[in-house]
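K.L.:
Just a sequence and a predicted model for now, questions to come.
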Amino acid sequence: MSHVFHRHTKASYPVAVRGEGLYLFDADGRRYLDASGGAAVSCLGHGHPRIIEAIKRQADQLAYAHTSFFTSQPAEELADTLAAAAPEGLDRVYFVSGGSEAVEAALKMARQYHIEAGQPQRRHIIARWQSYHGNTLGALSAGGNLWRRKQFEPLLVDMPHVSACYAYRGRRDDESEEAYGRRVADELEAEILRLGPDTVAAFIAETVVGATLGAVTAAPGYFARIREICDRYGVLLILDEVMCGMGRTGTLYACEQEGITPDLVTIAKGLGGGYQPIGALMVHRRIFEAIRDGSGFFQHGHTYLGHPIACAAALEVQKVIAEDDLLANVRRQGEALTAALTARFGNHRHVGDIRGRGLFQAIELVADRTTKDPFDPAQAVNTRIKAEAMKRGLLCYPMGGTVDGRMGDHVLLAPPFTITSGDVDTIVGLLGEAVDAVLA
Ligand code: PLP
């Protein structure tokens, strides 16, 4: 009997014992091609010798020093590295240990910024439906996924939600992508006006929606319009790039491809590539300066923030990405992945949409391609695809609730940045077998 309180109490999990490159191995010697990096985490695959060496070096030197007493060399160097590559102005880094913590820090920092700037009445955070921002109560309050929120609703903070930008289901037939993007972006303005423009602190959105919608990019012009609206009403723009950031979509920050600079950006997953638990909040200098020139400190903090070993690992991950020019491979293999998914599923009667950017792509499964009707959730399509894929030695990231938090299924792929086109073909081939085993 296991004493671990596993995610699912009735499931029995294989024991992962080793990782090497694209593959994880279990205690029975089975090999799994990790095509989703768990949940879009393992951007360098497993067992990368440079990262392991960096962790060992740092552990020999210094494991821990509390950040109320000390800073550390790896934290300083990692912050320099992240700031140097960030969109102009995002030059302060607040370290945490994961994505939910990064979101919590962003929500609180947005609130504190307005207090320091002499606008304490700004208290509302607006978020979007069908988003995922983490499982802590603040992050869950911002999240817009019904089944994750439902039983905790009485504990959640009230945060108004506007529509996601999800053209496959939201765009009307008589509307261009741009017109659709503008229509849903304008929902933010309407909500700001409804709440009272001087009471809104921030708007939070995933630049590319990950777990809950499956690699959904915004319509062209959507984020430019969002930036414009936020600026008009003095509302901070928080972009959650915990999943889509750190190179996953082909640029280090996903928002670079939207041509906008947010005020706060959350990052995690690919930051440390799974070698250490680490996240961060990228902060615009305007916000830093308001706090520096005001109370002088951000009223927040966790025991493990800026952990030296975590920072050393993340620093080495980021060095490898830059030195091996891996973002070029993300873009190149991203195109190969789109082509392979289109060839395999473009005419599949149960694949309604193939989407994403870089090595962050998904297929949405439908009962009927013409009507876009989803499967009955009782069929547990996404769970069964995950199991069939695993049987075939493939790890992918299927999820349900795509349409409205209850109905709908998609499968997300987020392979390591190091994959080859041969790997792409293997992944898509195995995924095709798994999908057909469930739906053919
Ligand atoms: N934000 C986004 C966009 C995510 O995808 C996730 C996790 O999947 C989180 C936040 C929460 O991150 P964590 O699980 O590290 O707390």
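P.N.:
Happy to help now that I have it.

K.L.:
Just give me how far stretch 146-165 sits from the chain centre.
P.N.:
18 Å (C-alpha atoms, centre = their mean, to the nearest Å).

K.L.:
I meant to write stretch 291-302 there.
P.N.:
The answer for stretch 291-302 is 26 Å, by C-alpha atoms, centre = their mean.

K.L.:
got a pLDDT number for the closest residue to the ligand within the chain?
P.N.:
Of all residues in the chain, the one sitting closest to the ligand is G99 (2.1 Å; C-beta to the nearest ligand atom). (Each C-beta comes from the backbone N, C-alpha and C, glycine too.) Confidence at G99, expressed as pLDDT, is 98.

K.L.:
try M1
P.N.:
Predicted confidence (pLDDT) for M1: 86.

K.L.:
likewise A440?
P.N.:
Looking at A440, its pLDDT stands at 81.

K.L.:
tell me, how many neighbours does it end up with?
P.N.:
Other residues lying near A440 total 10 when counted by other C-beta atoms under 10 Å.

K.L.:
Number the residues from 21 up from this point.
P.N.:
That works, and once the first residue is 21, the last one we named lands at A460.

K.L.:
Surely C275 is in contact with L284?
P.N.:
No: using C-beta atoms under 8 Å, C275 is not in contact with L284, being 11.2 Å away.

K.L.:
any residues in contact with both of the two?
P.N.:
L259 (C-beta atoms under 8 Å, 6 or more residues apart in numbering).

K.L.:
got the contact list for the residue of the chain closest to the ligand?
P.N.:
By C-beta under 8 Å, 6+ apart, the residues touching G119 are 153-154, 159, 260, 262-263, 286, 288-289, 299.

K.L.:
Excluding chain neighbours, what is closest to the residue most central in space within the chain?
P.N.:
For the chain, the residue nearest the mean C-alpha position is M263 (1.8 Å; C-alpha atoms, centre = their mean). Spatial nearest neighbour of M263, excluding adjacent residues (C-beta to C-beta, 6 or more residues apart in numbering): G230 at 3.5 Å.

K.L.:
coming back round to it: so which of the contacts of G119 reach the ligand?
P.N.:
153-154, 260, 262-263, 288 (C-beta under 6 Å from any ligand atom).

K.L.:
By neighbour count, which of the residues you listed wins?
P.N.:
D260 (34 neighbours).

K.L.:
can you pull up the bridge partners for it?
P.N.:
For D260, the beta-bridge partners under DSSP bridges are E226, T286.

K.L.:
Repeat that for V236.
P.N.:
Here V236, judged by DSSP bridges, has bridge partners V229.

K.L.:
what sits against it?
P.N.:
So V236 contacts 184-186, 188, 228-229, 375, 382 (C-beta under 8 Å, 6+ apart).
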